[in-house]
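*Asks:* below: sequence and its predicted model.
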Amino acid sequence: MSTLAIHNGRVIDPALGQDGIADVVIVDGRIARVGPNEGDMVIEADRIDATGLVVAPGFVDLQVHLREPGAEHQETIATGTAAAARGGFTTVCAMPGTQPPIDSRAAVESVLREAEASASVRVLPLGTISANRAGELLAPAGELAGAGVVALTDDGQAVADPNLMRHALQYSTRFGLPIAQHPEDPALVEGGQMHEGWVATRLGLRGRPASGEATMVARDIALAELVGAHLHVCGISTAGSVALIRAARERGAHVTASVTPHHLTLTHERVAFGESYEEIRYDSSAKVFPPLREEADIDALVDAVRDGVIEAITTNHSPVSGMEKDIEFDLAAPGISGLETAFGLTMRLVEEGRITLPTLIERLTVGPARAWNLDRRPGFEGLGTLAPGAVGDVALLDPTSEWIVEPERFASLGRNTPLAGERLRGRVIATVVDGVVVHETNAVAAL
Amino acid sequence: MTIDTTSNVEVTDTTDQNTLAAPELPEGGWRHQDLLDLDTCSRAEIEAVLTLADRMREILDRRIPRVPALRGYTIVNLFYEPSTRTRVSFELAGKVLGADVISVSADTSSVVKGESLIDTVRTLRAMRADAIVMRHSMAGAPYLASQHTDASIINAGDGSHAHPTQALLDLYTMRRAVGDLTGKKVVMVGDISHSRVARSGLWGLAAMGANVVVCGPPTLLPFGLRASDRPGHAESALPPVSIETEIDKAIEGADVVIALRLQSERQEGGLLPSLHEYAAHYQVTAERLARANPDHLLMHPGPKNEGIEIASDVASGSHSIIEDQVTNGVAVRMALLYLLSGRVEPEEVVAEASS
């Protein structure tokens, strides 16, 4: 019997409404007890002193590009999950837009095999909506569900054909799989490099209009309501999307949504400007799809995170190589390597008093887990919580610790971040998966 | 210009007599190693280029237009997009100043994408290129280049973003014709969205104090030009400009009208119903110019589509200074190359150009 006792931390478990000093005891990989130190701690236990730290359920990320198979120069399951562990993430859903795409049992099994061999955290595979991710024919949802995928998505390429999308939604209901959609209409954003607005005008770059997201989200909500399916909108970025999703949920539609840390904190100005408006740059590290938007969008997104219309914060971790960013802006690959900065970046919202720490933790844990019913899947009941019997996944956080983002020290192979050199406040001190410490900084003191 | 062939023999050593005097620099000097756009140039700096261009223009108008001011200076024209007039203009500007000029046509589709642009620029610098004149179909490419070399990068047009030497030559041409541009009404008509000439022109005209009106069909006007579209942001983020979609209103009382080239792909891209319809609503015609200031000037950055954005009769009419623009382009580029070369120290000045 192996036991891990995390001692004297501020335990925040939004699912249980808990926020107070307590011990967390994990026995054989499962949460055994959360409560006051009763002095009868198992003597054989490994112990972590969490005094002064926050103890939260391990984070759950619904949208992570691990790039394996096919693009191992960008990331591997080993490096991507090591990055996840550093970011406090104990469960990551692996996006299926790999080479080849994850559209068959064999492909799912290859991901699970590699995860078994090399992953630091739990990897839940996603499957594609369309065969070969080509947007033409349905992928075999039943076969994929049987192989263990937890949702279907065509990754960064939204399903353009409305009939295919309708049928994907309809068919998925048989297998209880959410259909997760990138929120931009490919035709409206084609060739666009950044948010359509005054910054794109100044830079002479082709824009991706906010309405390119609204039209897609509106269409997909209508289709999901038509067939009674579960639509998940990945990484929304606009106030318009928030309004559509809010209204749909008020009607009772089964629509869930997520947002990235960068869309909650950075605007399109980040692409062009540093200190002043006098000089411009073309910062491809801030090139991401959907693009960084405007302050008003951030306001709406933060409101939706606060009130739960957006239940999940997901990183859309998209590691790419330096070579793929250090080229002409139009040619640069979109994406931000986000796992290792997610907590520190979203802590800005807490620092600014816009959301509370328990709400932030909720959107990183039980929010995403319940959005996709991951907490009810056999084998990891209670995922995203510290309920007795739940998987023993814990993140130890120091919300006040400051650090400088140094991409060259990332565990991820993707050093593509617009935050290089920036000071973040809020650090993941240790990460525990199934009762085993998979990441710890020097700040962790063993008792 | 008439060429007096008989006198050529007698002036074989003209080049040695005629070197440039130091230009009049703005307070604080010429601060730029590169010219990427005019957004970072002050009025004084633009004035310095234009004043120096006057002297360059004198040299150009000589029987043997050649001075050794940039002898030993190497300029590479690196063109990722085809261009005749801009490339030739830079070649001539460099040669008149005695520089070594090499033109390279690079093809973005044939090179391996990836680090090719950075590699190319570094390679050229390793071969001791002093200045790289770059034309590229993608916005921002010269900015990327400038981050990876200490050679001077001159933007000769990057995508829909900027074309600062065209803007400078337009300013120079306007100033020669109408003097101080402060308070003058300058109207640009056409595809503002995709026009690098318009973008750089707006910065330059704003710096010189002109009142600028842009006019075009709504599908060809960029987003966010109105200050009200960027609430809470510094005014300086984009140049001040008025927007007018009706050409007759735009041209009313104009001192300068600039017709922009319309690319036929705008129609193919669904932004316009037809070229015919464009011409009906936005062609600069004599009838429409009748609303302008009687002494107005008509300009076009070229190459013109006569009968589409500009009527043939006005393009070659008495108000047109389109050909001056071309000649002035060489003079302005000479001035710019000279300033960027840093060869403006007094000890390098041998004699006044007009000697």
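*Replies:* That came through fine.

*Asks:* show me the contacts for residue A:97.
*Replies:* Neighbour list for residue A:97: A:65, A:128, A:133, A:154-157 [criterion: CB atoms under 8 Å, 6 or more residues apart in numbering or on different chains]. Using the backbone N, CA and C atoms, a C-beta is placed for each residue, glycine as well.

*Asks:* if I look at the nearest residue to residue B:189 once chain neighbours are set aside, how far off is residue A:200?
*Replies:* Nearest non-adjacent residue to residue B:189, counting by CB to CB, 6 or more residues apart in numbering or on different chains: residue B:215, 4.7 Å away. Per CB to CB, to the nearest Å, residue B:215 is found 21 Å from residue A:200.

*Asks:* same deal with residue B:116?
*Replies:* For residue B:116, the distance to residue A:200 equals 25 Å [CB to CB].

*Asks:* which one's more surrounded, the two?
*Replies:* Higher neighbour count among residue B:116 and residue A:200: residue A:200, with 26 against 17, using other CB atoms under 10 Å in any protein chain shown.

*Asks:* enumerate the residues of chain B near chain A.
*Replies:* Residues of chain B lying close to chain A by CB under 8 Å from any CB of the partner chain are B:37, B:39-40, B:113-118, B:136, B:138-141, B:143-144, B:158-162, B:196, B:199, B:222-225, B:229-230, B:232-234, B:236-238.

*Asks:* does residue B:221 touch residue B:190 like I think?
*Replies:* No - using CB atoms under 8 Å, residue B:221 is not in contact with residue B:190; the gap is 10.3 Å.

*Asks:* in terms of neighbours, single out the busier of those two.
*Replies:* residue B:190 (31 against 18).

*Asks:* contacts only, for that one.
*Replies:* Taking CB under 8 Å, 6+ apart as the test, what residue B:190 contacts is B:198, B:215-216, B:220, B:259-262, B:282, B:309.

*Asks:* repeat the analysis, applying 10 Å as the threshold.
*Replies:* By CB atoms under 10 Å, 6 or more residues apart in numbering or on different chains, residue B:190 lies in contact with B:197-198, B:214-217, B:220, B:247, B:258-263, B:266, B:278, B:282-284, B:300-301, B:308-310.

*Asks:* then residue A:375?
*Replies:* Residues in contact with residue A:375 (CB under 10 Å, 6+ apart) are A:15, A:60, A:365-366, A:368-369, A:381-385, A:387, A:390-391.

*Asks:* let's verify it: helix, strand, or coil?
*Replies:* helix (DSSP: H, G, I helix; E, B strand; the rest coil).

*Asks:* if I look at it, how far off is residue A:91?
*Replies:* According to CB to CB, residue A:375 and residue A:91 sit 10 Å apart.

*Asks:* do the same with residue A:310
*Replies:* Distance from residue A:310 to residue A:91, by CB to CB: 19 Å.

*Asks:* circling back: any common contacting residues for residue A:375 and residue A:91?
*Replies:* Residues touching both residue A:375 and residue A:91 (CB under 10 Å, 6+ apart) are A:60, A:365, A:368-369, A:383-384, A:391.

*Asks:* nearest to chain B among these?
*Replies:* residue A:368 (33.0 Å; CB to the nearest CB).

*Asks:* isn't the closest one up against residue A:384?
*Replies:* Yes - using CB atoms under 10 Å, residue A:368 is in contact with residue A:384, at 7.0 Å.

*Asks:* list residues touching both of those two?
*Replies:* Shared contacts of residue A:368 and residue A:384 (CB under 10 Å, 6+ apart): A:59-60, A:91, A:362, A:374-375.

*Asks:* let's have these in a markdown table, adding pLDDT.
*Replies:* Rendered in a markdown table, the data for the shared contacts of residue A:368 and residue A:384 read as follows (pLDDT from 0 to 100):
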| residue | pLDDT |
| --- | --- |
| A:59 | 98 |
| A:60 | 98 |
| A:91 | 98 |
| A:362 | 98 |
| A:374 | 97 |
| A:375 | 96 |
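
*Asks:* just the buried ones from those?
*Replies:* A:59-60, A:91, A:362, A:374-375 (16 or more other CB atoms under 10 Å in any protein chain shown).
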